[in-house]
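Asker: sequence? don't have it. structure:
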């Protein structure tokens with residue numbers, strides 16, 4: 001099962017649309033989720049990595065752990081631009097946009113439709 005540490009920030013644009021910034025903690029230079037994690041290992045993984053957990057939920061796509069970015073030292077990890085093309089773990093940012101009726105008005109969300117992160121991003125956007 002995948003472990004998906006993340007944090008998110010939601011803002012409203014001047015036109016009233018929802019701008020959602022989702023930041024995922026990923027392996028292999030920001031290209032894959034953390035794999036083969038058991039339910040009982042989540043707490044120790046987060047503690048060992050200094051992640052302050054706000055909430056946790058599970059779907060068929062993985063175990064999601066919302067991290068508090070204010071209480072967690074995010075800067076002590078690689079960013080995607082630093083880790084890309086390496087095997088390092090890093091924080092990678094994705095942006096999604098929704099109108100009031102949850103339509104992808106700027107066609108931004110469809111950019112992820114062919115990536116392994118599509119379902120994961122939509123799971124996070126739904127909570």
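Answerer: Structure's in. What do you need? Quantities reported herein were computed from a predicted structural model and do not represent experimental measurements.

Asker: Quick check, residue 83 in contact with residue 29.
Answerer: Yes. Counting by CB atoms under 8 Å, residue 83 touches residue 29, with 4.7 Å between them. (Glycine included, C-beta is placed from N, CA and C.)

Asker: overlap in contacts of the two?
Answerer: Listed contacts common to residue 83 and residue 29 are residue 90; contacts here mean CB atoms under 8 Å, 6 or more residues apart in numbering.

Asker: which of these two has more neighbours?
Answerer: A direct count of neighbours by other CB atoms under 10 Å for residue 83 and residue 29 places residue 83 higher, at 21 against 18.

Asker: Look up the residues forming beta bridges with the spatially most central residue of the chain.
Answerer: Centroid-nearest residue in the chain, with CA atoms, centre = their mean: residue 24, separated by 2.7 Å. Residue 24 forms beta bridges with residue 6, residue 92, as assigned by DSSP bridges.

Asker: okay, it: pLDDT?
Answerer: At residue 24, the pLDDT value in this model is 95.

Asker: separation between it and residue 16?
Answerer: From residue 24 across to residue 16, the span is 27 Å (CB to CB, to the nearest Å).

Asker: next one: residue 100
Answerer: Counting by CB to CB, the gap from residue 100 to residue 16 is 6 Å.

Asker: Contact partners for the residue nearest to residue 83 when sequence neighbours are not counted?
Answerer: Counting by CB to CB, 6 or more residues apart in numbering, residue 83 lies nearest to residue 90, which is 3.6 Å off, once chain neighbours are set aside. The contact partners of residue 90, by CB under 8 Å, 6+ apart, come to 25-26, 29-30, 77-80, 82-84.
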